[in-house]
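Trainee: I'd like to go over a predicted model; first the sequence, then the structure.
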Amino acid sequence: MSISTHRPLWRFTLLVLAVSLLPGCFFSRSRTNPELSPELASQIIPNQSTAADVTALLGAPNEVVQLGLRTAWRYEHTVEKQSAAFLVVLGLRGVDTQSDRVWVFFDSEGNVTNIGTQFQASEAEYDVPIF
Amino acid sequence: MALVALLSVSCVTGDYNQTRVFQPVPAEAVDALVVGEAELGEALASLGAPLQVIELGRGAALAWGWKESTDWNVTGSANIGNVRGRIQYADAALEFPGVVLFFDQSWTLVGKERGFLSELLLRPQLPRLVEQDGGIATGA
């Protein structure tokens, strides 16, 4: 049985190449505001729920927009995933920002008239770009 | 030789960035909303929660936006004798494409536009008395 003497040298060369070509990389994730769930949002029913019901379910909104005597409230939870690799003089960076968002529309009496939802925060991905 | 000499006293770095912010709304869903007929509830059901809601006159504008882009950022610098130079090139796309739907006071769709949100939402708005809204339909 023969043992190749080239194997350790080959591995060392690969390691040196990898270290020199990939001196650094990073991954980060940031989250803004508490998560929103479809289950909670589904409990907000137009022409039935009130502003008090919405506050009890979702808490204070992130934004209130005045629409004459009516209002619209925004709730948003954002996830940003960032990943990067540094190849000596070249940096490759990918940023993906996705959000869960709920808009609740009220009439002048504070009754819910409409609700719009989207839940995409969980779809944020780490993705280092390749040309 | 001159190139080697230049490279030995200079540094060039580059960044390649890929950015995705939110997701596009389906074009077919926007097309399916008929101006003069569609109401707020229908728009929210087919497009989801908008990015922005803006009061516009007695009505409102709802904006959906997203961004998917790649860009380069190249920076070069050199020290030659007492002279130090630096040059930078960037092709980052700053625009945010999207769709804006315009609704009247009774939440009926009165217009829809596609383009860059920065251009679509920069419309002059005049102050008004909200008491004027009394007696109009407030629900969708």
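Mentor: On my side now, so go ahead.

Trainee: Residues of chain A that sit close to chain B?
Mentor: A:46-47, A:65-70, A:72, A:74, A:89-99, A:101-103, A:105, A:107-109, A:113-118, A:120, A:123, A:127, A:129, A:131 (CB under 8 Å from any CB of the partner chain). Every residue, glycine included, has its C-beta placed from N, CA and C.

Trainee: ok, the residue positioned nearest the centre of chain B - contacts?
Mentor: Nearest residue to the geometric centre of chain B (CA atoms, centre = their mean): B:F96, 2.3 Å. Shown in contact with B:F96 (CB atoms under 8 Å, 6 or more residues apart in numbering or on different chains): B:21, B:65-67, B:116-118.

Trainee: Drop anything exposed from the residues you listed.
Mentor: By neighbour count, with 16 or more other CB atoms under 10 Å in any protein chain shown, those hold B:21, B:65-67, B:117 as buried.

Trainee: pLDDT wise, what is A:N47 at?
Mentor: At A:N47, the predicted lDDT confidence score is 96.

Trainee: What's the separation between it and B:V21?
Mentor: Going from A:N47 to B:V21 by CB to CB, to the nearest Å gives 34 Å.

Trainee: before we move on, the earlier item: now the contacts of B:F96 in JSON lines, please, with extra columns for distance to B:A49.
Mentor: Shown next, in JSON lines, are these (distance: CB to CB, whole Å):
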{"residue": "B:V21", "distance to B:A49": "15"}
{"residue": "B:G65", "distance to B:A49": "12"}
{"residue": "B:W66", "distance to B:A49": "13"}
{"residue": "B:K67", "distance to B:A49": "17"}
{"residue": "B:F116", "distance to B:A49": "20"}
{"residue": "B:L117", "distance to B:A49": "15"}
{"residue": "B:S118", "distance to B:A49": "20"}
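
Trainee: just those: which has the poorest pLDDT?
Mentor: B:S118 (79).

Trainee: May I have the secondary structure class of it?
Mentor: Taking DSSP: H, G, I helix; E, B strand; the rest coil as the rule, one finds B:S118 in the helix state.

Trainee: check contacts around it.
Mentor: Applying CB under 8 Å, 6+ apart, we find B:S118 in contact with B:95-96.

Trainee: Give me the buried subset of the residues of chain A next to chain B.
Mentor: By 16+ other CB under 10 Å, the residues of chain A next to chain B give A:46, A:65, A:67-70, A:72, A:74, A:91-99, A:101-103, A:105, A:107-108, A:113-118, A:120, A:129 as buried.

Trainee: Sitting in strands, which of those do you find?
Mentor: Judged by DSSP state E, strands contain the following of these: A:65, A:67, A:70, A:72, A:74, A:91-99, A:101-103, A:105, A:113-118.

Trainee: pretty sure A:Q118 contacts A:W103?
Mentor: No - counting by CB atoms under 8 Å, A:Q118 does not reach A:W103; the two are 9.3 Å apart.
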